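J.: Pasting the sequence and the predicted model now:
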Amino acid sequence: MIQAECFVEAVKKFGFGLWTGVPCSYLKPFINYVIDDPGQRYVAAANEGDAVAIAAGAQVGGVPAIAMFQNSGLGNAVNPLTSLTYTFRIPILLIVTLRGEPGGAPDEPQHKLMGEITERLLELMQIRWEYFPTEADEVQHALARAVSHMESTRTPFAFVMRKGSVASHKLQSRPQQRPVDGQAAAKPPGAAEATRNDYLQVIQSAVSSRDLIVATTGYTGRELYACSDRENQFYMIGSMGCASSFGLGLALSQPHRRVYVLDGDGALLMRMGALATIGYQRPENLLHILLDNHCHESTGGQATVTHSLDLCAVATACGYPSTHRVGQAEALHALLREPFDGLSFIHAEMRTGVPEDLPRPSVTPEQVARRLTAFISGNR
């Protein structure tokens, strides 16, 4: 058994600066210690997949990150671990607890099957792992192996934590309450007139040379690429619903740049809990733009339910200080010309329709991630 301080202080020396995850009783000492430590940042994610995306965004932004959660939630992280960190080659450090370990301490029945398959599931996803170090003199060597693997393969590395690996640590600080202080934007009169392409051209014309853009999976990334391929743009593929969490990690790691997240209605609905995490963190440099045509257009046009929701009210309730609605490209253009003060949400309703012969990006996902990191490091 080690003290939480032993591992956290060692992690600092390797450059890790952001922790994110979902609680597990095995992780309680870490979470408590990191929350109390002013030199570290802990982001409480709504689910395990969001934690992976937040850590990936921070990593691309130049801040190595750790995502931690119990193995029973590993299933929630399979999608971004296979289609985001693997596909884009984004190395993050994982700490996955081993609830329901065969032959271990008695545990709740829901952990039994996952306890039996955790290691095999990690191996199936081609994630190298080893057991979490339980002796102080093992920590440095274990971290060195993990970091070496991540640097050479540009893929995640996982520590599998058994019960009793870390001594308890009592939380000293209290969570900071951040009351909701905003009003949902009124719905503009008339039907939406703009297309996705109209909005994307407006956004590209508005961003500065230092701004960063994260485009959700589907047609949004492909159309953004077709408008103009730029080094400051990240085209999410797969990882549906993870663009906003990835953007959060990016915004936290690059607080002096504005980060534009271009979300889709189906994607936002899939991981709507991310709105609460973003609204609580409230990064002043994040602009969350929902491009909403009320359907899953890239998969056949099946309807979503956003035509029956007030998503500005949802964002406001989650802590977004500022929300806006637009239905025309001119309205978005005017809005983006105004000075933004803090986290903002723009609900941009639009018509369906995709340009003919829409190309797919010729740059590979790994190239997209690497050049964005290079853009950030070379454009300070």
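T.: Received it, and whenever you're ready, just let me know what you need.
J.: If we go by neighbour counts, what in stretch 106-118 is buried?
T.: Of all the residues in stretch 106-118, those buried under the rule 16 or more other Cβ atoms under 10 Å are H111, M114, G115, T118. (Each C-beta comes from the backbone N, C-alpha and C, glycine too.)
J.: Now for the second one: which residues touch it?
T.: Spelled out, that is M114. For M114, the contact set (Cβ atoms under 8 Å, 6 or more residues apart in numbering) comprises N71, S72, L74, G75, R99, G100, L121.
J.: what pLDDT does it get?
T.: With respect to pLDDT, M114 scores 94.
J.: That one should be in a helix, yeah?
T.: Yes. Counting by DSSP: H, G, I helix; E, B strand; the rest coil, M114 is located in a helix.
J.: Distance of it relative to Y260?
T.: M114 sits 37 Å away from Y260, going by Cβ to Cβ, to the nearest Å.
J.: ditto for C295
T.: On the measure of Cβ to Cβ, C295 and Y260 end up 23 Å apart.
J.: From the chain's centroid, how far away is the host helix or strand of D263?
T.: Assigned by DSSP states H and E, D263 belongs to strand 259-264. Centroid separation for strand 259-264 versus its chain: 12 Å, with Cα atoms, centre = their mean, to the nearest Å.
J.: Parallel or antiparallel, which strands does that strand pair with?
T.: strand 212-215 (parallel), strand 286-292 (parallel) (DSSP bridges).
J.: picking that back up, as JSON lines, the buried residues of stretch 106-118 with distance to G104 would be great.
T.: Compiled in JSON lines, the buried residues of stretch 106-118 are given as follows (distance: Cβ to Cβ, whole Å):
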{"residue": "H111", "distance to G104": "10"}
{"residue": "M114", "distance to G104": "13"}
{"residue": "G115", "distance to G104": "7"}
{"residue": "T118", "distance to G104": "12"}
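J.: Just flag the most distant two among those residues.
T.: The span of these, defined through Cβ to Cβ, is set by H111 and T118 at 9.6 Å.
J.: helices or strands up against the very next helix or strand once past the strand holding D263?
T.: Helices and strands here follow DSSP H and E; after strand 259-264, the next one along the chain is helix 265-270. Where contact means 3 or more Cβ pairs under 8 Å, 6 or more residues apart in numbering; DSSP states H and E, helix 265-270 is packed against strand 286-292, strand 295-296.
J.: Of these, which stretch is the most buried?
T.: strand 286-292 (a mean of 26; mean count of other Cβ atoms under 10 Å).
J.: can you give me the offset of it from its chain's centre?
T.: With Cα atoms, centre = their mean, you get 15 Å for strand 286-292.
J.: cool, stretch 82-97 as well?
T.: 12 Å.
J.: same check, this time on stretch 96-103
T.: Distance, centroid of stretch 96-103 to centroid of chain: 26 Å (Cα atoms, centre = their mean).
J.: Going forward, count from 9.
T.: Let's use 9 as the start, then, which means that last one is stretch 104-111.
J.: Quick one: end-to-end length of that stretch, please.
T.: Stretch 104-111 has an end-to-end distance of 18 Å (Cα to Cα, to the nearest Å).
J.: For that stretch, which outside residues touch it?
T.: 32, 34-35, 76-80, 82, 112, 115-116, 119-124, 126, 130, 137, 166-171.
J.: what does stretch 195-213 give?
T.: Here stretch 195-213 has contacts from 221, 227-228, 231-232, 235-236, 238, 268, 270, 297, 299, 301, 333-337, 339-341, 344, 356-359, 361-363, using Cβ under 8 Å, 6+ apart.
J.: 7 Å - rerun?
T.: 227-228, 231-232, 235-236, 268, 270, 299, 333-337, 340-341, 344, 356-359, 361, 363 (Cβ atoms under 7 Å, 6 or more residues apart in numbering).
J.: Taking those residues, please make a ChimeraX selection of just the buried ones.
T.: Buried members of those, defined by 16+ other Cβ under 10 Å, are picked up in ChimeraX with:
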select :227,228,231,232,235,268,270,299,333,334,335,336,337,340,341,344,356,357,358
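J.: nearest to R182, of the buried residues of stretch 114-126?
T.: Nearest to R182 among the buried residues of stretch 114-126, with distances taken as Cβ to Cβ, is H119, at 30.3 Å.
J.: That closest one should be in a helix, yeah?
T.: Yes. With three-state DSSP as the criterion, H119 is assigned to a helix.
J.: where does the stretch 159-308 of the chain dip in pLDDT?
T.: 197-198 (pLDDT under 70).
J.: Give the other helices and strands that the helix or strand L380 falls within contacts.
T.: Per DSSP H and E: L380 is located in helix 373-386. Contact here means 3 or more Cβ pairs under 7 Å, 6 or more residues apart in numbering; DSSP states H and E; on that basis helix 373-386 packs against helix 56-68, helix 94-96, strand 241-243.
J.: Which among the ones you listed is found nearest to Q262?
T.: helix 56-68 (9.1 Å).
J.: Tell me which helix or strand comes right after the closest one.
T.: Going down the chain from helix 56-68, the next helix or strand is strand 73-78, by DSSP H and E.
J.: re earlier: got the strands paired with strand 267-272 as a markdown table, with distance to K195 columns?
T.: Formatted as a markdown table, the strands paired with strand 267-272 follow (distance: least, Cβ to Cβ, whole Å):
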| stretch | distance to K195 |
| --- | --- |
| strand 220-223 | 25 |
| strand 294-300 | 12 |
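J.: Out of those strands, which gets nearest to Y41?
T.: strand 294-300 (27.3 Å).
J.: Could I get the average pLDDT for stretch 91-110?
T.: So the average pLDDT for stretch 91-110 ends up being 96.
J.: okay, now G309: neighbour count?
T.: 11 (other Cβ atoms under 10 Å).
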